[in-house]
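My questions concern the predicted model and sequence given below.
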Amino acid sequence: MSLDDVLARIDADLPAATDRLLDLLRIPSISTDPAFKADCDRAADWLVADLKALGVDASKRPTPGHPMVVGHVGNANNSGAPHLLFYGHYDVQPVDPLDLWDRDPFDPEVQDTPKGPVIRGRGAADDKGQLMTFIEALRAWKAVKGDWPCRITFFLEGEEESGSPSLVPFMKENADELKTDIALICDTGLFESKTPAIVTMLRGLLGEEVTVTAPKFDLHSGMYGGIAMNPIRVLSKIIASLHDDTGRITVPGFYDGVPELSDALEAQWQGLAFDHATFLGDVGLSEPAGEQGRTPLEMIWSRPTCDVNGIWGGYTGAGFKTVLPSKAHAKISFRLVGTQDPDAIRENFRKMVTEALPVDCTVEFAPHGSGPASGADTSDPMFEAARQALSNEWNIPAAYIGCGGSIPIAGYFQDILGTEPMLIGFGKDDDAIHSPNEKYDMESFHKGIRSWARILDALT
């Protein structure tokens with residue numbers, strides 16, 4: 001039996017595959033709300049039962065939070081074939097505000113839209129629909145070929161939408177069982193909703209809260225204005241100094257570990273013809289505001305950032321109060337790339353702020369998490385094999401792309417398991433993940449299943 005037979009089976013089984021996904025979507029597995037704990041358990045049980053029906057040795061593993069689902073198929077006798085791990089998450093975001101949904105978020109259905117049919121419901125795109133693309137590909141493979149393509153470990157999480165508090169301890173405790181040659185992660189999307197992609201760069205994140213104090217209590221600005229130091233003025237000056245006139249970040253040592261793009265990757269990104277004018281225009285902006293001399297895709301994928309996420313102090317209520325505040329506050333985050341060291345950047349940032357304080361001012365810092373960037377080694381032939389498989393399915397050259405956000409699980413696979421992550425997903429920009437009326441295009445679901453079948457064939 002050939003790959004074409006597997007693809008034909010996927011096409012024929014699409015209605016049944018859709019029904020299975022709708023069944024899973026009906027389970028309100030909201031991980032962040034304790035009221036839905038039993039439903040998260042039920043979703044894990046559903047997945048265990050579905051995997052077992054395929055012949056997978058699957059089980060629900062307890063954690064202090066919601067359970068993990070772990071399963072294994074294949075054996076070490078698959079000569080020359082890699083051992084793959086597939087990761088996805090079965091938990092979903094809360095549905096509030098409920099009144100903005102056009103239907104019950106846990107009563108999913110297939111809807112016709114001007115752009116084609118979509119699967120509507122909470123979790124359709126993030127991440128149940130994506131998760132099921134891989135399982136359905138294996139279902140068709142096993143039905144047609146009667147065996148597995150290689151050794152495969154399933155690792156399905158139930159806390160991704162609530163910060164994954166149990167993930168790292170579980171991975172460390174079960175590292176020997178979870179180690180594989182490569183980890184496949186299906187929680188990303190198509191580039192500009194049309195180009196298949198493998199995410200190979202993920203930015204890290206560092207957060208700091210800064211509080212500058214001057215007078216010991218709020219003062220009357222008529223009596224003290226001009227003679228007393230205003231902490232908002234101090235903090236504003238410090239924030240303004242974090243970037244120079246070209247957009248570069250001025251924290252000492254900040255660019256240590258920031259790599260330049262390879263010529264091949266730069267050419268590939270240029271070939272994507274990213275329309276930054278539309279990207280910015282959709283949010284009411286027009287001009288890129290990052291480092292001068294960098295392309296828009298570099299700015300959001302491969303360059304580090306420093307952003308003020310919140311700033312406050314003094315009186316901010318209705319009306320007006322002529323107060324000279326005692327304290328000024330700001331929340332500042334850094335997106336990191338390459339081998340930038342979050343701990344060194346935190347230390348240098350705090351030193352820079354402290355040294356900039358005038359007499360009579362003090363500063364307090366509160367850390368808000370940190371994590372390094374992660375990147376995949378695309379020199380592994382499996383990456384190029386997967387990229388070509390995606391290109392064949394979508395009839396568009398697939399691309400290696402970056403991601404401006406952070407997906408910690410990718411770094412955990414590298415740091416804890418020593419396993420290279422390969423992030424492939426089929427979401428679209430308008431899927432409204434985390435928002436009311438979330439959807440997953442039927443095209444994404446169908447071609448996603450076919451894509452995984454092609455990738456499994458290419459890798460084995």
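Thanks, I have the structure now.

Tell me the spacing between the closest residue to residue 275 other than its chain neighbours and residue 184.
Nearest residue to residue 275 in three dimensions, chain neighbours excluded: residue 192, at 7.6 Å (C-beta to C-beta, 6 or more residues apart in numbering). (Glycine included, C-beta is placed from N, CA and C.) Residue 192 sits at a distance of 23 Å from residue 184 (criterion: C-beta to C-beta, to the nearest Å).

hang on, the earlier thing: show me the contacts for the residue nearest to residue 275.
272, 274-275, 429 (C-beta atoms under 8 Å, 6 or more residues apart in numbering).

Of the residues you listed, which is the nearest to residue 163?
residue 429 (24.6 Å; C-beta to C-beta).

ok, that closest one - contacts?
The contact partners of residue 429, taken as C-beta under 8 Å, 6+ apart, are 189, 192-193.

quick check, nearest of those to residue 108?
Closest to residue 108, out of all of these and judged by C-beta to C-beta, is residue 189, at 19.5 Å.

rewinding a little: turn the contacts of residue 192 into JSON lines, columns for secondary structure and pLDDT.
Formatted as JSON lines, those follow (DSSP: H, G, I helix; E, B strand; the rest coil; pLDDT from 0 to 100):
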{"residue": "272", "secondary structure": "coil", "pLDDT": "94"}
{"residue": "274", "secondary structure": "coil", "pLDDT": "94"}
{"residue": "275", "secondary structure": "coil", "pLDDT": "93"}
{"residue": "429", "secondary structure": "coil", "pLDDT": "92"}
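
can you redo those as a markdown table with distance to residue 380?
Formatted as a markdown table, the contacts of residue 192 follow (distance: C-beta to C-beta, whole Å):
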| residue | distance to residue 380 |
| --- | --- |
| 272 | 22 |
| 274 | 26 |
| 275 | 31 |
| 429 | 29 |
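
all strands of the stretch 351-460 of the chain, in order?
Secondary structure of the stretch 351-460 of the chain by DSSP state E, counting those that start in this stretch: the strands cover 362-371, 374-375, 399-403, 420-424, 439-441.

winner for burial among those strands?
Ranked by mean neighbour count, the strands of the stretch 351-460 of the chain are led by strand 439-441 with a mean of 27 (mean count of other C-beta atoms under 10 Å).

what's it packed up against?
strand 118-120 (3 or more C-beta pairs under 8 Å, 6 or more residues apart in numbering; DSSP states H and E).

which outside residues touch the strand it packs on?
Against strand 118-120 from outside (C-beta under 8 Å, 6+ apart): 18, 21-22, 25, 102-103, 108-111, 124, 129, 437-442, 445.

Which elements pack onto the helix or strand following it?
Sequence-wise, the next helix or strand downstream of strand 118-120 (DSSP states H and E) is helix 128-145. Under the contact definition 3+ C-beta pairs under 8 Å, 6+ apart, helix 128-145 sits against helix 3-12, helix 14-25, helix 37-54, strand 84-89, helix 442-459.

pretty sure residue 82 is touching residue 150, no?
Yes. The criterion here is C-beta atoms under 8 Å, and residue 82 meets it with residue 150 at 6.0 Å.

who touches both of those two?
With C-beta under 8 Å, 6+ apart, residue 82 and residue 150 have common neighbours 459-460.

ok now do the residue nearest to residue 359 when sequence neighbours are not counted, which residues does it touch?
Spatially, and ignoring its direct neighbours in sequence, residue 359 is nearest to residue 229 (7.9 Å; C-beta to C-beta, 6+ apart). Residue 229 makes contact with 214-215, 358-361 under the criterion C-beta under 8 Å, 6+ apart.

again, but for residue 64
Contacts of residue 64 by C-beta under 8 Å, 6+ apart are 165-166.

ok, so what distance separates the residue nearest the centre of the chain from residue 127?
Closest to where the C-alpha atoms of the chain average out (C-alpha atoms, centre = their mean) is residue 407, at 3.9 Å. Distance from residue 407 to residue 127, counting by C-beta to C-beta: 11 Å.

How about residue 301?
22 Å.

Show me which of these two is the more surrounded one.
For residue 301 versus residue 127, neighbours defined as other C-beta atoms under 10 Å are more numerous around residue 127 (27 against 22).

so that one touches residue 158, yeah?
No. If you go by C-beta under 8 Å, residue 127 and residue 158 don't touch, sitting 11.0 Å apart.
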